[in-house]
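1. Structure, please.
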Amino acid sequence: MKRIIGLALTAGILGACAPLTLEQWSSSYAHIPVGATVVLNEALPIRSGHTRVFMQDGRVVPKGGVNMYYPHCNFEVVTLSDGSARIEPGRFLVTRHRQGHVEVVQERGPTQVASLVLVSGDADGSAPPISRLIHYELQSDDQTDVRRLTCHGGFADDWEARFPTLAEMHTVLGDLVRWEE
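-> Prediction:
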């Protein structure tokens, strides 16, 4: 009996170290695990007046250039940039992850338009689009100002919105970022 328990325990431990399956890679419930290392391969300049650097399709994009309806990620620092700040290439330990969502901000109530007709911001009473996201809290002894990596699944109606998959995050981050478990 002890032998069977030992074999089952060994198989479970080895299975936990095995590479991700295609099903896990494409699941919106899989995530970079706590204890993994996020590796930044290139320096990321932080624009003046910002604390985040956005990435989509394997490249850095300005916030206004992000297609919010498709998966995207951003690194975030604590200190507001004066235009000279950069996140340098390095290794960051994932200390925590948590899921959340953000809503599209909409003005409620009547709005006056060019035709001078009053219309409601959400006449049909539907909920605003949301983006489901995963925050990865990061730690680095060398770059203590780096706070986290956040990846979004893209804005969609509540019933359709989902968390980004690992495969989507890999596409968003391209060669800029990789992770090691």
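
2. What are the boundaries of the strands in the protein?
-> 37-40, 44-45, 52-56, 59-61, 72-77, 86-87, 90-103, 110-112, 118-120, 130-139, 146-152, 177-180 (DSSP state E).

3. quick one: residue 53 and residue 72 touch, right?
-> No - using C-beta atoms under 8 Å, residue 53 is not in contact with residue 72; the gap is 11.2 Å. Glycine gets a C-beta too; all of them are placed from N, C-alpha and C.

4. beta partners for the spatially most central residue of the chain?
-> Nearest to the geometric centre of the chain sits residue 151, at 0.9 Å (C-alpha atoms, centre = their mean). Legend: beta-bridge partners of residue 151 under DSSP bridges are residue 73, residue 134.

5. one step back: out of the strands of the chain, nearest to residue 158?
-> strand 130-139 (5.6 Å; C-beta to C-beta).

6. What mean pLDDT does that closest one get?
-> Average pLDDT, strand 130-139: 96.

7. so where's this structure shaky on pLDDT?
-> Residue ranges of the chain with pLDDT under 70: 1-26, 105-125.

8. Let's see that with 50 instead.
-> Low-confidence segments of the chain (pLDDT under 50): 1-17, 111-121.

9. Now the strands of the chain in JSON lines, please, with extra columns for distance to residue 163.
-> Converted to JSON lines, those look like this (distance: least, C-beta to C-beta, whole Å):
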{"stretch": "strand 37-40", "distance to residue 163": "17"}
{"stretch": "strand 44-45", "distance to residue 163": "23"}
{"stretch": "strand 52-56", "distance to residue 163": "16"}
{"stretch": "strand 59-61", "distance to residue 163": "21"}
{"stretch": "strand 72-77", "distance to residue 163": "12"}
{"stretch": "strand 86-87", "distance to residue 163": "24"}
{"stretch": "strand 90-103", "distance to residue 163": "6"}
{"stretch": "strand 110-112", "distance to residue 163": "32"}
{"stretch": "strand 118-120", "distance to residue 163": "31"}
{"stretch": "strand 130-139", "distance to residue 163": "5"}
{"stretch": "strand 146-152", "distance to residue 163": "8"}
{"stretch": "strand 177-180", "distance to residue 163": "16"}
